[in-house]
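Engineer: When you get a sec, could you give me coordinates for this:
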Amino acid sequence: MTTAPHPMLAIQKAIRDVLYADSTLTAMVSAVYDYLPPTATYPYVVLGEAMDTPANAHDRFGRNTVITLHVWSQYRGYAQALDITGRLVELLDHQPLDIVGLDHVVTRYEFSQTLTDPEPPGDIRHAVVRFRVVTEKPPG
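Structural biologist: Numbering: from 1, shown residues only. This next block holds a predicted model:
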């Protein structure tokens, strides 16, 4: 018996596939990571935390999955991190996702925030970007 992957894993894979396939994004970053290796070079994107809650209706099972992406940069100022963030929004906000085992309803951009890593040397910029992915279990 084959089981479908956990919805958060299936959504993460669908997002990763979209990001890997985009030549504009891959020209902007060194890589997109799920696990950050110690040899990572800036700038890069990390597939981060996710939260999954039910969004059921009387006639179907649904889910709201919130996934966070992290953009890391050593560029002076936030311009590079924000350019990458803008590309992530272009690729994902209200765009279709091919999610194994689920019907994609919509992906919505929720917010982004810029941060400066205070640890020495203090030259690392971080942008947090969050999306909400609404899915339904296929009928049958």
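Engineer: Spatially nearest residue to the residue nearest the centre of the chain, not counting backbone neighbours?
Structural biologist: Most central in the chain under C-alpha atoms, centre = their mean is residue 69, positioned 4.3 Å from the mean C-alpha point. Setting aside the residues directly before and after it, residue 69 is nearest to residue 129 in space (C-beta to C-beta, 6 or more residues apart in numbering), at 4.6 Å. Backbone N, C-alpha and C define where each C-beta goes, glycine included.
Engineer: now the helix or strand containing the residue nearest to the centre of the chain: how far from the chain's centre is it?
Structural biologist: If you go by DSSP states H and E, residue 69 is part of strand 62-73. Taking C-alpha atoms, centre = their mean, to the nearest Å, the mean C-alpha location of strand 62-73 is offset from the chain mean by 4 Å.
Engineer: sec struct for residue 83, please.
Structural biologist: When classified by DSSP: H, G, I helix; E, B strand; the rest coil, residue 83 comes out as helix.
Engineer: about what we covered before: ok, the residue nearest to residue 69 to residue 15 distance?
Structural biologist: Between residue 129 and residue 15 the distance, using C-beta to C-beta, to the nearest Å, works out to 11 Å.
Engineer: which neighbours do those two share?
Structural biologist: Counting by C-beta atoms under 8 Å, 6 or more residues apart in numbering, the shared contacts of residue 129 and residue 15 are residue 69.
Engineer: So, low pLDDT: which residues of the chain?
Structural biologist: 1-4, 120 (pLDDT under 70).
Engineer: Quick check, residue 64 in contact with residue 53.
Structural biologist: Yes - counting by C-beta atoms under 8 Å, residue 64 touches residue 53, with 5.1 Å between them.
Engineer: Residue 94 belongs to a helix?
Structural biologist: No - using three-state DSSP, the assignment for residue 94 is coil, not a helix.
Engineer: Around it, how many other residues sit close by?
Structural biologist: 9 (other C-beta atoms under 10 Å).
Engineer: Good, wrapping up.
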